[in-house]
Structures are given as C-alpha cells and as structure tokens.
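**Q** Pasted the sequence and its predicted model underneath.
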Amino acid sequence: MKLGYHLGYWSAGPPPGALDTVKEVERLGFDSVWTAEAYGSDAFTPLAWWGSSTSRIRLGTDIVQMAARTPTATAMSALTLDHLSGGRFVLGIGASGPQVVEGWYGQPYPRPLARTREYVDILRQVFAREAPVTLDGDFFQLPHPGGAGLGKPLKPTVHPLRADLPIHLAAEGPKNVALAAEICDGWLPMFFSPKSDAFYRKALAEGFARPGARHTTLEDFEVPASIPVILRDDVEEAADLIRPSLALYIGGMGAKQANFHFDLFVRLGYEETAHRVQELYLAGHKKDAVAAIPTSLVEDTALIGPAEKIKDELAAWEETVITSLLLRGDTSTLTAVAEILS
C-alpha cells in the first residue's frame with residue numbers, strides 16, 4: 001500500500017504546523033495529501049495553499065461536497081488546481097448526508113445516487129472539452145430551460161491539462177460503492193475495516209460488471225482509505241484518542257433515521273453498540289456515548305498500540321482492496337508511523 005496524509009477539515013481554525021507537515025510527508029516519500037470539508041473550511045483552498053509548496057506529491061480532496069457547488073463550478077476548480085499543480089490533482093467528491101445538504105446548503109437530498117450520476121456526467125464533459133456541455137437531467141439542466149431563456153451551451157475556456165482527470169467517489173453503502181466502481185476512477189471509503197473487505201469487494205465487482213463501466217477490475221482502480229494510526233504503548237490510551245470521533249459519527253453525524261455511518265457499524269457487527277451510542281449522543285450524554293465505544297470497534301477500524309502490534313495487524317489491511325493508507329497526525333507522529341509501515 002502507498003502512504004498518504006489526510007489533513008481533514010478544520011475545527012475552529014487551521015491546524016497548526018500543517019504546511020511543515022505537508023512538506024515533510026513529501027520528503028518522506030508519501031504518495032498523496034488530502035483535504036476535506038463539512039460546514040466550515042472548504043477543501044480546495046487549503047489544498048492549493050499548502051500544495052503550492054510541494055512539487056511531487058499528489059493533491060486530492062477527500063472530499064468536496066457535491067451540494068456545495070454546481071458540477072461546472074467543481075469542474076472549474078479541478079481544472080485550475082490540475083494546471084497549477086502540473087497534473088497532480090485528484091478530485092474526490094461525495095453526497096454527504098441530508099442534515100448537511102438540506103440544513104447547510106439548502107439543497108434537496110433525495111435520490112443521491114441518481115444526482116451523483118448526472119454530476120459526474122457533467123464533470124466528464126467539462127474535462128473532455130469535446131463539445132459544449134449539455135444535459136437534460138432530472139437534477140441538472142444545461143442550459144437552464146427557464147429563466148431569461150437565453151442560456152447557451154458552453155465549453156470551458158481553459159483547455160484541460162488532462163482530459164482523464166481522476167474522479168473518486170466517497171461511499172459507504174453497497175449501491176453507492178458499486179456506483180463508484182462503475183463511473184469513477186476510485187472509491188474513498190470511511191471507517192473501513194478488513195472485516196468488511198469481502199462485502200466491499202462484492203459491491204465493487206457489481207459496479208465493474210455493469211455495461212459501459214469506466215473500469216472493469218481493481219487493477220487500475222484506486223481505493224485510498226483514511227485510517228487512524230495511533231502509536232502508543234498503552235492500547236487503551238490510544239483508543240481513547242479515537243473514541244470521541246467514533247461517537248460523533250455513530251451518534252450525531254446524521255439524523256436518527258438517516259445516519260449512513262451508523263448503518264456501516266451495524267453491518268460491521270456492532271448493532272447493539274451503535275444503538276446505545278446513538279441513544280446517548282442524541283440525548284446529550286456525549287461523554288457516556290464516548291465511553292460506550294468498545295476497544296474492539298476501534299481496533300477494527302484503526303491501527304493502534306505499540307509498534308509491533310501495528311506491524312502485525314497491518315498484514316490484514318494489506319490483503320484488502322485498499323491501495324493507499326491515508327494517515328493523520330503531526331510531523332513526528334507521521335514520521336514514526338511511516339517508519340513502522342515501511
């Protein structure tokens with residue numbers, strides 16, 4: 001597996017020392033660096049700012065939210081970053097969830113897979129620049145059929161550096177994972193576990209087998225996965241650093257009736273735990289929700305503990321569909337982990 005660095009999205013402000021860390025991971029030979037967005041910092045700007053101090057490492061978004069921008073606006077940012085980086089950009093997109101899409105962006109959420117298909121269609125047209133971009137879809141119409149009635153099909157003025165600029169899709173459910181395999185160049189999993197490998201291989205195979213699929217096997221398809229790696233002698237101490245994030249996503253990152261992260265952990269075999277964590281979190285008992293996360297759940301979705309333990313467990317990850325391990329942490333942590341994993 002290749003190594004990447006995942007900066008994520010900001011909390012109250014920009015992460016301290018981010019530029020120095022980006023420079024260091026490039027020096028260490030990392031393959032890629034990735035940013036994200038939720039409802040605070042955006043993904044494109046930090047990637048351009050910190051990426052401008054690099055020369056080799058690939059620059060990816062994991063992820064930009066589709067509801068945040070029209071497909072052509074996303075394509076414009078992708079074209080621009082690809083030119084500025086000399087062809088190092090990877091566009092990672094995702095549908096997010098109904099709470100964010102409808103609450104933050106004011107966009108309707110239903111039928112996200114159909115919307116994604118149209119979104120990617122438009123991106124491909126822009127990147128190809130073979131003809132003016134048009135689509136008469138259920139969600140996107142180019143040109144707009146109403147308004148002033150003066151809409152005109154257009155091509156981007158910028159000539160793409162790469163017509164095949166890679167598009168990766170974030171997905172958790174089997175239908176969306178299959179869609180990633182069918183129409184994209186990579187899949188961006190969240191909370192991946194080696195125990196789920198067979199489940200996801202089946203979903204990817206379904207997408208590869210569809211008529212007109214962009215890829216037909218895993219041979220030339222990427223699966224970069226953001227995996228927490230915490231190097232500590234004390235396993236429980238390491239798990240405690242991850243439990244709050246797991247409680248947030250299982251319990252509060254989505255409505256009770258529509259939380260895709262919750263569903264993922266149910267499939268992983270933690271149904272009782274997921275219900276308990278969600279119940280506590282939504283009731284405002286966040287500390288209790290954190291405490292309800294068992295160490296086994298953390299270990300299923302992360303690499304934690306002493307160096308030898310991490311080395312031993314890494315073998316199971318190397319047998320999965322994952323092609324890149326995206327690490328988080330400061331410079332010293334990443335340097336130590338890279339040495340363990342090399």
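**A** Looks like it arrived, so ask away.

**Q** okay, stretch 277-289 in CSV with CA atoms only?
**A** Provided in CSV are the C-alpha atoms of stretch 277-289 (Å, rounded to 0.1, in the frame of the first residue of the first chain):
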residue,chain,number,x,y,z
VAL,A,277,-24.1,5.2,21.3
GLN,A,278,-26.7,7.0,19.2
GLU,A,279,-29.2,7.0,22.1
LEU,A,280,-26.7,8.5,24.5
TYR,A,281,-25.4,11.0,22.0
LEU,A,282,-28.7,12.3,20.9
ALA,A,283,-29.8,12.6,24.5
GLY,A,284,-26.9,14.9,25.1
HIS,A,285,-24.8,12.4,27.1
LYS,A,286,-21.8,12.7,24.9
LYS,A,287,-19.2,11.5,27.4
ASP,A,288,-21.2,8.4,28.1
ALA,A,289,-21.5,7.8,24.3
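
**Q** And for the nearest residue to Ala170 once chain neighbours are set aside, the neighbour number?
**A** Once flanking residues are discounted, Ala170 sits nearest to Gly94: 3.3 Å by CB to CB, 6 or more residues apart in numbering. For every residue, glycine as well, the C-beta is placed using N, CA and C. For Gly94, the count of nearby residues is 25 (other CB atoms under 10 Å).

**Q** next one: Glu237
**A** Residues near Glu237, counting by other CB under 10 Å, number 12.

**Q** ok, now Ala163?
**A** Ala163: 12 neighbours (other CB under 10 Å).

**Q** what do you get for the one 10 residues further on?
**A** When neighbours are counted by other CB under 10 Å, Gly173 registers 15.

**Q** any idea how far it lies from Tyr200?
**A** Counting by CB to CB, to the nearest Å, the gap from Gly173 to Tyr200 is 11 Å.

**Q** follow-up on the earlier one: what pLDDT is listed against the residue nearest to Ala170?
**A** Per-residue confidence at Gly94 stands at 97 (pLDDT).

**Q** where does it fall, phi/psi-wise?
**A** phi -160, psi 160 (degrees, to the nearest 10).

**Q** And for Pro228?
**A** phi -60, psi 130.

**Q** That one reaches Glu299, doesn't it?
**A** No: Pro228 is not in contact with Glu299 according to CB atoms under 8 Å; the separation is 10.6 Å.

**Q** what about those two, which has more around it?
**A** Set Pro228 next to Glu299 and count neighbours by other CB under 10 Å: Pro228 wins out with 21 against 18.

**Q** show me what contacts the more buried one?
**A** 241-242, 245, 301-304, 328 (CB atoms under 8 Å, 6 or more residues apart in numbering).

**Q** starting at the chain centroid, how far to stretch 1-13?
**A** Put simply, stretch 1-13 sits 10 Å off its chain's centre (CA atoms, centre = their mean, to the nearest Å).

**Q** What separation do you get for Thr295 and Leu231?
**A** Distance from Thr295 to Leu231, by CB to CB: 16 Å.

**Q** neighbour count winner among those two?
**A** Leu231 (19 against 16).
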